[in-house]
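[1] 3D model of this:
(one chain, ligands or ions: 1)
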Amino acid sequence: ARSGYEHYMMKEMMEQPQVAEQLIGGHLDERHGTTRLPDLNLSPRELRSFRRVKILGCGSAYYVGQMGAQMIAEIARIPADAEAASEFRYRAPLIEADTLYIVVSQSGETADTAFAVEEIKRKGGYVVGVINAVGSTIARAVDGRVYIHAGAEVAVASTKALTNMAIVFAMIAVEMGRVHDLSLIDGRRLVAGIAALPGKITQIIENRDLLDPLALTLSQASSIYYIGRVRGYPVASEGAQKMKEISYIHAESYQTSELKHGPLALVSPEMPTVAFIPDDELTDRNIAAAEQIMARQGPLVAFTHAGVDLSGLDAQTYVVPKSEPELDPILLTIPMQLLAYKVAVLLGHDVDKPRNLAKSVTVE
Ligand code: BG6
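    Numbers count the residues shown, from 1 in each chain. Next up, the predicted model:
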């Protein structure tokens, strides 16, 4: 069942270009610069009527939700945020008729997420699901659903499902954008960007050995910072989560902008930092923060794009294929999976079945 791979996690990472391609097929309308997700069960007029988007999920699904919120806010210009479903259900949330609720779940069986759906529905909210498991509890409970079609995922650490969830959020953002103020030209630019993702994912996977020296550095650490900002921050959080889950190395994410407000105190030669320095409006700010780390002899592992000049930094660098700026987080997340995998293998851990964790948590 592992098709010749040593672990399910590797098999599932390798499947990403193919499942991404399958997901995207049929949803893109290049001519009108939009996407179409009929299973959301929303007419253009209804889709336009929402004034806010609230995304809920647990674990990695929550971090993908944060990526999705940023894409929706940026592309559709609608206020959007993500919250851990496990917290939402207990904090007496206000359910509003003009908010589109989106729950994210690979298994469709996570109890915390399922309960959030019940709470929203009880109070009259409209909730759609971004789900892998067809016919699952959450898929049956929601008002509309987009299946991510990632196929069975066995490894506890989610990879291909996360990537397809992130792509669904990009498609939701474009569809919402095009019933609001997103222009035809920008819509076409993003649709072309989405269409190009599977090829770029293939490049990352084929060149995965470039991550070996970075994995070696991190495998020797007992604690790692992951820093990114705005689009890069959810990527940092997901990267740290993956590293913790399968390598058992303590890893923590911060917004790069927050570094000087606390975390910098721990930077030392023993404390490496994984820094996201994408080619965007904040490149210079991110380089300046990395210099702060270097000044404290903190080892740096940088994820960046071609054309960003990091020659002033003493960093081990990995260049990620460039996408449209709004879609960059989708591609930045893939090397995080490969990196955590490589570190876990170097340390000899059971990659597919990490201690203390279950693939889906169906109890409270
Ligand atoms: C956790 C799993 O318990 O549940 C994570 O260990 C997963 O890997 C999270 O991201 C949410 O699961 P699901 O099925 O709701 O996406």
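[2] list the buried residues in stretch 179-198.
    179, 182, 186-191, 193-194, 196-198 (16 or more other CB atoms under 10 Å). Heads up, the C-betas are built off the backbone N, CA and C, glycines and all.
[3] before we move on, what about stretch 5-19?
    Applying 16+ other CB under 10 Å to stretch 5-19 flags 7-17, 19 as buried.
[4] for it, measure first residue to last.
    18 Å (CA to CA, to the nearest Å).
[5] does residue 303 sit in a helix, a strand or a coil?
    strand (DSSP: H, G, I helix; E, B strand; the rest coil).
[6] related to what we said a few turns ago, can you list the buried residues of stretch 5-19 in a markdown table and add distance to the ligand, pLDDT and secondary structure?
    Written out in a markdown table, the entries for these read as follows (distance: CB to the nearest ligand atom, whole Å; pLDDT from 0 to 100; DSSP: H, G, I helix; E, B strand; the rest coil):
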| residue | distance to the ligand | pLDDT | secondary structure |
| --- | --- | --- | --- |
| 7 | 15 | 95 | coil |
| 8 | 13 | 95 | helix |
| 9 | 11 | 96 | helix |
| 10 | 16 | 96 | helix |
| 11 | 16 | 96 | helix |
| 12 | 12 | 96 | helix |
| 13 | 14 | 97 | helix |
| 14 | 19 | 97 | helix |
| 15 | 17 | 97 | coil |
| 16 | 16 | 98 | helix |
| 17 | 21 | 98 | helix |
| 19 | 15 | 98 | helix |
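[7] ramachandran angles for the residue nearest to residue 216 when sequence neighbours are not counted?
    Distances taken as CB to CB, 6 or more residues apart in numbering place residue 346 nearest to residue 216, at 6.9 Å, with adjacent residues excluded. Torsion angles at residue 346 (phi, psi; degrees, to the nearest 10) stand at phi -60, psi -40.
[8] likewise residue 322?
    phi -80, psi 140.
[9] does it touch residue 305 like I think?
    Yes - counting by CB atoms under 8 Å, residue 322 does reach residue 305; the two are 4.8 Å apart.
[10] need the overlap of contacts for those two.
    Common contact partners of residue 322 and residue 305 (CB atoms under 8 Å, 6 or more residues apart in numbering): 279, 328.
[11] which residues touch the residue of the stretch 201-350 of the chain found nearest the ligand?
    Residue nearest to the ligand within the stretch 201-350 of the chain: residue 245 (7.1 Å; CB to the nearest ligand atom). Residue 245 makes contacts with 156-157, 340, 354, 357, as judged by CB under 8 Å, 6+ apart.
[12] how about the residues of the chain by the ligand?
    Neighbours of the ligand within the chain, by CB under 6 Å from any ligand atom: 58-61, 105-107, 110, 113, 156, 158, 357-358, 360-361.
[13] just the buried residues of those.
    58-61, 105-107, 110, 113, 156, 158, 360-361.
[14] which of those sits closest to residue 286?
    Among these, residue 60 lies closest to residue 286 (CB to CB), at 23.8 Å.
[15] excluding its backbone neighbours, what's nearest the closest one?
    In space, residue 60 is closest to residue 158, 4.8 Å off (CB to CB, 6+ apart).
[16] got it, and residue 41?
    Closest to residue 41 by CB to CB, 6+ apart is residue 144, at 3.5 Å.
[17] can you report how many residues neighbour the one you found?
    Number of residues near residue 144 (other CB atoms under 10 Å) recorded here: 17.
[18] so which residue of the stretch 151-300 of the chain comes closest to the ligand?
    residue 158 (4.7 Å).
[19] would you confirm that that residue contacts residue 107?
    No - at 9.5 Å, residue 158 does not count as touching residue 107 under the criterion of CB under 8 Å.
[20] show the pLDDT at the residue nearest to the spatial centre of the chain.
    For the chain, residue 64 is the residue whose C-alpha lies nearest the centre (CA atoms, centre = their mean; 3.6 Å). On pLDDT, residue 64 comes in at 98.
[21] now do the contacts for it.
    So residue 64 contacts 57, 104, 162, 165-166, 169, 234, 238 (CB under 8 Å, 6+ apart).
[22] which of those lies closest to residue 40?
    Nearest to residue 40 among the contacts of residue 64, counting by CB to CB, is residue 169 at 12.3 Å.
[23] burial of the closest one, as a residue count?
    Neighbourhood size, residue 169 [other CB under 10 Å]: 31.
[24] likewise residue 356?
    6.
[25] how about it, secondary structure?
    Under three-state DSSP, residue 356 comes out as coil.
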